[in-house]
Structures are given as structure tokens and as C-alpha cells.
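S.K.: one predicted model, sequence on top.
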Amino acid sequence: MPKPYSVDLRERAVAAYDAGRLQTDVVQLFKISLATLKRWLAQRRAGQSLAPKPSRPGPRGAFGTPEALAALEAQLQADPDGRLLDHAQRWQQTTGQPVSLWAVHRACRALDWTHKKKAHR
């Protein structure tokens, strides 16, 4: 996620508009979008702070903890020839938490787990 604009930049852009500059001039001067400037002006009119809102962390993935990764590694070692689909289904049966194939794939990569196919003869 990109970093929010600083409070200093926000205040300087609003002050430039208050000093009589056109919105298009302020946008070009501070390299911001017109919608951003209008939002800052509306916030100030409403008496709100120009400070950026604190960001919220997203949901933690199924394998976001070391314990979960260790449990998956044990599951992979118990069935090294299992497909990702099999491991995803087994994870859901064991923990009750559904996971996608991509989540299992990313967790396997994080564990440096390689799955070599058996040679067909």
C-alpha cells in the first residue's frame, strides 16, 4: 500500500488554495490529483483533521503463524506425494479452516518445500 501524503503537504496545498491559487494550479504545483485536493478541502470545511487515517492490517492468512506453518510441514512430510488439492482438503478437515490451493502453494514455497513428480515408466 502506498504511503499517505504528509500532513505538511496537505496543509500547504490547502493554504495555497486559500491564498487564491486555482485548484488546477495547486494540483500541478504539489503533484496531487484534483480529487485529492477536493477531498482535503471538504475535510477542512467539515472541521476534520487533515491527518491521514490510520491503516488497518488485513486479515491474517491461514498460515500466518509459525505454528500453522509447522503443522503444514508435518502434514506435507506425512504425505509427500499428495497434491496441493489433497493438502488443502486435509487442512480443512483437520482445522476446520478452508484454504485455497494458492494459499497452500505460497506456504509450501515459504517452507522451501519442493514436490518432485515421480518419473513415469
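M.R.: Noted; the coordinates are in hand. Numbers count the residues shown, from 1 in each chain.

S.K.: hang on, isn't Y17 packed against L41?
M.R.: Yes. In this structure, Y17 is within contact of L41 by Cβ atoms under 8 Å, at 6.6 Å. Yep, even glycine has a C-beta here, placed from its N, CA and C like the rest.

S.K.: can you give me the buried ones in the helix or strand L72 falls within?
M.R.: Secondary structure from DSSP states H and E places L72 in helix 66-78. Neighbour counts over helix 66-78 (16 or more other Cβ atoms under 10 Å) mark 68-69, 72-73, 75-76 as buried.

S.K.: and if you look at stretch 22-29?
M.R.: 26-27.

S.K.: now swap in stretch 35-53 and tell me
M.R.: Quick answer for stretch 35-53 (16+ other Cβ under 10 Å): 37, 40-41, 44, 50.

S.K.: what is the mean pLDDT for whichever strand or helix holds L29?
M.R.: L29 belongs to helix 23-30 when elements are defined using DSSP H and E. For helix 23-30, mean pLDDT rounds to 96.

S.K.: and for it, what are the contacting residues?
M.R.: The contact list for helix 23-30 (Cβ atoms under 8 Å, 6 or more residues apart in numbering) reads 9, 12-13, 16-17, 21, 32-34, 37-38.

S.K.: ditto for stretch 86-97
M.R.: 62, 71-72, 75-76, 79, 82, 98-101, 103-104.

S.K.: could you dump those residues into JSON lines with distance to A88 added?
M.R.: Compiled in JSON lines, these are given as follows (distance: Cβ to Cβ, whole Å):
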{"residue": "A62", "distance to A88": "9"}
{"residue": "A71", "distance to A88": "14"}
{"residue": "L72", "distance to A88": "10"}
{"residue": "Q75", "distance to A88": "10"}
{"residue": "L76", "distance to A88": "12"}
{"residue": "D79", "distance to A88": "12"}
{"residue": "G82", "distance to A88": "10"}
{"residue": "P98", "distance to A88": "8"}
{"residue": "V99", "distance to A88": "5"}
{"residue": "S100", "distance to A88": "7"}
{"residue": "L101", "distance to A88": "6"}
{"residue": "A103", "distance to A88": "8"}
{"residue": "V104", "distance to A88": "5"}
